[in-house]
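S.K.: Below: sequence and its predicted model.
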Amino acid sequence: MTARRFHPWLWIALLWLGWVATTDAATPRERDKIQTWVAENGLQVILIENHVNPMAEVRILARGGSVHDPDGREGLASLTAWMFNEGGGELDSSAFQERLHYYGISMAADVGSDTIEVHLTSLSEHLDEAFARLGDAMLRPRFAQADFERALRERSAELIKSEEEPAFRASRVLTPRIYGPHPYARPTKGTQESVKRIELADIRRHHAATFRAPGMVMAVAGDITRARLEAQLHTHLEQLPHEPGPFLPPPKAKPVEKGAETHIEMDQPQTTVRMGVVAIDREDADFYPLTVMNQLLGGGGLTSRLNQVVREERGLAYGIFSGFSPLAGRGPFTISTETKTESAREAIDLIRAELKRMMDETITEEELRDVQRYLTGSFPLHLDGLDKLAETWCRIGFYQRGLDYLDTWPERIRAVTRADVQRVAQRILNPDRLQTVTVGRTVKAAPDGDTRPETAASPPSR
């Protein structure tokens with residue numbers, strides 16, 4: 001299973017407009033249909049009733065992401081998520097999948113740095129079956145040896161294949177450069193060596209430690225009443241452990257004091273560039289200024305500063321993007337682009353110059369106004385349906401953002417000042433701390449003064 005990847009700004013969209021995206025989702029007039037409570041076993045529940053369509057979306061977040069992988073067994077959380085729907089109760093993997101398919105139920109788990117997330121989609125008429133299978137997967141997983149060995153084979157093949165992708169190799173090297181000894185430096189999917197050390201007993205322990213009612217958040221959006229949902233929870237999930245799990249929030253990461261540039265030799269027609277630094281978490285007071293600053297710098301669209309300088313003015317790349325992920329232990333701020341090998345140095349220098357300009361110069365009032373207008377007005381285009389609604393509220397609940405979070409988000413964006421943007425740029429974008437990784441061919445100076453690429457075999461996977 002491949003963990004879902006989201007553009008950083010989609011999370012902002014999810015966290016603001018999750019309930020105003022479409023007429024099929026909850027609107028301000030329907031806000032009283034958003035109900036929250038804590039079940040007897042400690043599970044936090046958020047219900048957004050919507051009876052327009054006969055279906056429901058369920059999202060569950062539990063602490064148990066890759067940050068909790070043991071040293072030497074990196075990839076454990078990811079494999080635990082992979083095994084989530086490989087049989088449960090009396091049903092082996094094949095029968096379990098056939099049962100889901102017969103009723104049109106989609107159920108899987110993904111892993112991130114902080115959490116494991118469960119996704120469930122079902123027609124409302126089949127919710128009894130859906131919650132029964134969810135209960136089996138959480139409380140009575142089969143974890144057959146044959147399925148585990150298949151997971152190991154597929155993960156090993158995936159890791160080998162990924163080494164052919166420059167973006168994967170760049171990220172694999174960049175993340176440890178950003179985080180140093182912090183557990184966020186661990187590769188989410190592990191390495192070929194670490195995956196080989198994982199045993200089935202490790203999967204069982206990680207699963208049992210992850211899926212405990214206290215600390216878990218479930219959001220359900222769609223055609224289901226509170227009474228029916230409470231009945232499902234009582235029947236199928238009441239036996240979840242009532243005691244909190246062993247996983248604690250990760251420590252706050254500290255920026256590496258001195259930046260560096262690392263090149264990975266790979267025979268590619270262009271060079272992949274990835275740059276990054278430790279940024280913030282969701283509780284940081286600079287969350288909203290950084291949101292505005294990032295959108296102006298490279299958060300998407302043709303009008304960002306990086307896009308204007310690198311693409312429009314110099315023609316060095318088809319696209320260039322910046323973004324940040326507000327992980328619990330301070331997520332990364334990153335910049336990504338691809339360019340011709342001969343122009344990689346120029347592109348990097350232009351990026352660093354734009355970062356310094358953002359630090360040294362106050363943005364104009366017009367720039368601030370345009371970004372604020374974009375952020376507070378364009379996100380409905382990115383959202384539709386109950387799945388985004390459940391995703392939004394699950395994260396609001398898990399990260400304890402409060403039921404007024406969606407109401408206050410636009411006002412907080414509008415409250416950001418030009419001085420705020422410059423201050424957060426000075427805090428986060430220091431080029432001296434920036435870690436840079438390039439993947440591609442090395443360019444050497446030729447005797448005639450021209451530059452020509454030097455081609456070498458790609459280093460083996462580790």
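M.R.: Cool, the structure landed. Numbering: from 1, shown residues only.
S.K.: can you confirm residue 393 is in a strand?
M.R.: No - residue state for residue 393 (DSSP: H, G, I helix; E, B strand; the rest coil) corresponds to helix; a strand is not indicated.
S.K.: count of residues packed around it?
M.R.: 30 (other Cβ atoms under 10 Å). For glycine as for every other residue, the C-beta is placed from the backbone atoms N, C-alpha and C.
S.K.: From residue 147, how far off is the closest residue to it other than its chain neighbours?
M.R.: Distances taken as Cβ to Cβ, 6 or more residues apart in numbering place residue 219 nearest to residue 393, at 4.2 Å, with adjacent residues excluded. Remark: distance between residue 219 and residue 147 (Cβ to Cβ, to the nearest Å) = 29 Å.
S.K.: Between these two, which is the more surrounded one?
M.R.: Counted by other Cβ under 10 Å, residue 219 and residue 147 do not tie: residue 219 has more neighbours, with 27 against 20.
S.K.: That one reaches residue 386, doesn't it?
M.R.: No - if you go by Cβ atoms under 8 Å, residue 219 and residue 386 don't touch, sitting 10.2 Å apart.
S.K.: show me where the protein has strands.
M.R.: Counting by DSSP state E, the chain has these strands, from start to end: 34-38, 44-49, 55-63, 106-111, 115-123, 217-222, 260-265, 270-278, 320-324, 332-340, 435-440, 442-445, 451-454.
S.K.: For residue 144, grab phi and psi.
M.R.: With angles defined as degrees, to the nearest 10, residue 144 sits at phi -70, psi 150.
S.K.: go on, residue 329?
M.R.: According to degrees, to the nearest 10, residue 329 has phi -100, psi 20.
S.K.: With residue 301 instead?
M.R.: According to degrees, to the nearest 10, residue 301 has phi 90, psi 160.
S.K.: ok, the closest residue to it other than its chain neighbours - how many residues close by?
M.R.: Of all residues not flanking residue 301 in the chain, residue 307 sits nearest, at 7.1 Å (Cβ to Cβ, 6+ apart). As a burial measure, residue 307 scores 22 neighbours (other Cβ under 10 Å).
S.K.: highest average neighbour count across the strands of the chain?
M.R.: Greatest average neighbour count among these goes to strand 217-222 (a mean of 27), per mean count of other Cβ atoms under 10 Å.
S.K.: Packing partners of it?
M.R.: With contacts defined as 3 or more Cβ pairs under 8 Å, 6 or more residues apart in numbering; DSSP states H and E, the packing partners of strand 217-222 are strand 44-49, strand 55-63, helix 386-398.
S.K.: on that earlier part again, quick one: closest of the strands of the chain to residue 209.
M.R.: strand 55-63 (9.2 Å; Cβ to Cβ).
S.K.: distance of residue 137 from residue 222?
M.R.: Taken as Cβ to Cβ, the span from residue 137 to residue 222 is 20 Å.
S.K.: Residue 342 now?
M.R.: 53 Å.
S.K.: and residue 272, what pLDDT?
M.R.: Reported pLDDT at residue 272 in the predicted model: 98.
S.K.: Confirm for me that residue 163 is in contact with residue 169.
M.R.: Yes - with contact defined as Cβ under 8 Å, residue 163 reaches residue 169; the gap is 6.3 Å.
S.K.: between the two, which one's more packed in?
M.R.: Between residue 163 and residue 169, counted using other Cβ under 10 Å, residue 169 has the larger neighbour count: 21 against 17.
S.K.: Surely the more buried one and residue 175 touch.
M.R.: No - judged on Cβ under 8 Å, residue 169 makes no contact with residue 175 at a distance of 11.5 Å.
S.K.: still on that earlier bit, what's the least confident stretch among the strands of the chain?
M.R.: Looking across the strands of the chain, the weakest by mean pLDDT turns out to be strand 451-454, at a mean of 37.
S.K.: Quick check: the gap between residue 230 and residue 221.
M.R.: Counting by Cβ to Cβ, the gap from residue 230 to residue 221 is 16 Å.
S.K.: Count the residues that sit near residue 197.
M.R.: 15.
S.K.: swap that for residue 186, please
M.R.: 25.
S.K.: Leaving out the residues flanking it, which one is nearest to residue 70?
M.R.: residue 76 (6.6 Å).
S.K.: Run a quick check on residue 229 versus residue 46, I expect a contact.
M.R.: No - using Cβ under 8 Å, residue 229 is not in contact with residue 46; the gap is 10.3 Å.
S.K.: From what I see, residue 72 and residue 197 are in contact.
M.R.: Yes - counting by Cβ under 8 Å, residue 72 touches residue 197, with 5.7 Å between them.
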